[in-house]
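**Student:** Sharing a model prediction with you, sequence too.
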Amino acid sequence: MKIVWFGHATFFAELDNKIRIIFDPYDKSAYGSSFTYSDNFPKCDIALISHSHRDHSFRNFKEKFGYQPIIMDSEGEREEFGVKITGRKFFHDKAEGRERGEVIVFSVKENQKEIIHFSDIGESVKKEKFQEMKNPYIAMVPVGGRYTIDGEEAAELVGILSPRFVFPMHYKTSRLDFPIESEERFLKSMNNYEIQRADSFNDNEENVKKTIFIFNPADKEIQEGQ
């Protein structure tokens, strides 16, 4: 399995069975100079879109790249290419969706490895809501606050889930002019995980300890076989 981060909440994963999935691809054109991540997304088989906000919902694959992946954007369970995908509804805010609506939190499971992408979850972290989601292989968690849970709440969520690997997302960087926090508050609350800065995640490498990965955003398309 290989995973790269394209910035914000967009991750690209090539699973062990070579199926390629993109999580929450952003529409870079919506933000101009405020959003300077690369949108040279790799070809994918499945695009998971958690909600309609344009920093999470690029859909024009056919127009931009010349092909159309399977797009999933709703709750429920389905299987594609031998991969089990589950979508669960959560609130984008602490007012039961009255401020920003709902998001779909997607779980992707193949060969007993489960990836959970928590999108723009913004509701209060309550242990009972996450019981069936515990112990994933990877949790992709927003940490920037304001529009999502903040660093301390994200640390609380990770404590409930106990994932093996954590990929923070949706935080302030030099390429994003949004009024949200950096990853630092989250990292200060995570003493029980190692922290590794990397260009990508590859579990062909030896990854034994529980680790938080802080990724450099990808700048170019990932080619077949890379």
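**Tutor:** Yes, it's here. Residues are numbered from 1 along each chain as shown.

**Student:** Isn't residue 142 up against residue 153?
**Tutor:** No. In this structure residue 142 lies outside contact range of residue 153 using Cβ atoms under 8 Å: 9.3 Å. For glycine as for every other residue, the C-beta is placed from the backbone atoms N, C-alpha and C.

**Student:** who's more crowded, these two?
**Tutor:** The neighbour comparison of residue 142 against residue 153 (other Cβ atoms under 10 Å) goes to residue 142, with 28 against 23.

**Student:** wait, what's in contact with that one?
**Tutor:** 9, 118, 119, 120, 121, 148, 149, 154, 168, 169, 170, 171 (Cβ atoms under 8 Å, 6 or more residues apart in numbering).

**Student:** Among these, which ones are in strands?
**Tutor:** 168, 169 (DSSP state E).

**Student:** Now, the contacts of residue 142 that are in helices?
**Tutor:** Within these, residues falling in helices by DSSP state H are residue 154.

**Student:** For the buried ones among the contacts of residue 142, write the corresponding ChimeraX selection.
**Tutor:** To isolate the buried members of these in ChimeraX, using 16 or more other Cβ atoms under 10 Å:
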select :9,118,119,120,121,148,149,154,168,169,170,171
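
**Student:** Of the contacts of residue 142, which is the nearest to residue 210?
**Tutor:** The closest of the contacts of residue 142 to residue 210 turns out to be residue 168 (Cβ to Cβ; 14.0 Å).

**Student:** Now residue 88: phi and psi?
**Tutor:** phi -120, psi 140 (degrees, to the nearest 10).

**Student:** who touches residue 192 in this structure?
**Tutor:** residue 210 are the contacts of residue 192 under Cβ under 8 Å, 6+ apart.

**Student:** pretty sure it belongs to a helix, no?
**Tutor:** No. Assigned with DSSP: H, G, I helix; E, B strand; the rest coil, residue 192 falls outside any helix and is coil.

**Student:** What distance do you get for it to residue 162?
**Tutor:** 10 Å (Cβ to Cβ, to the nearest Å).

**Student:** Ok, residue 168 next?
**Tutor:** 16 Å.

**Student:** helix/strand/coil for residue 107?
**Tutor:** strand.

**Student:** Could you tell me which residues make contact with residue 99?
**Tutor:** Applying Cβ under 8 Å, 6+ apart, the residues near residue 99 are 92, 93.

**Student:** Ramachandran coordinates for it?
**Tutor:** phi -90, psi -40.

**Student:** what are the ranges of the helices in the protein?
**Tutor:** Remark: helices assigned in the chain by DSSP H are 61-65, 151-161, 184-188.

**Student:** Check these for me and report the most buried one.
**Tutor:** Among the helices of the chain, the stretch with the highest mean neighbour count (mean count of other Cβ atoms under 10 Å) is helix 151-161, at a mean of 21.

**Student:** what sits up against that helix?
**Tutor:** 116, 118, 121, 124-125, 127, 130, 133-136, 139, 141-145, 149, 166, 168, 181, 183-190, 193.
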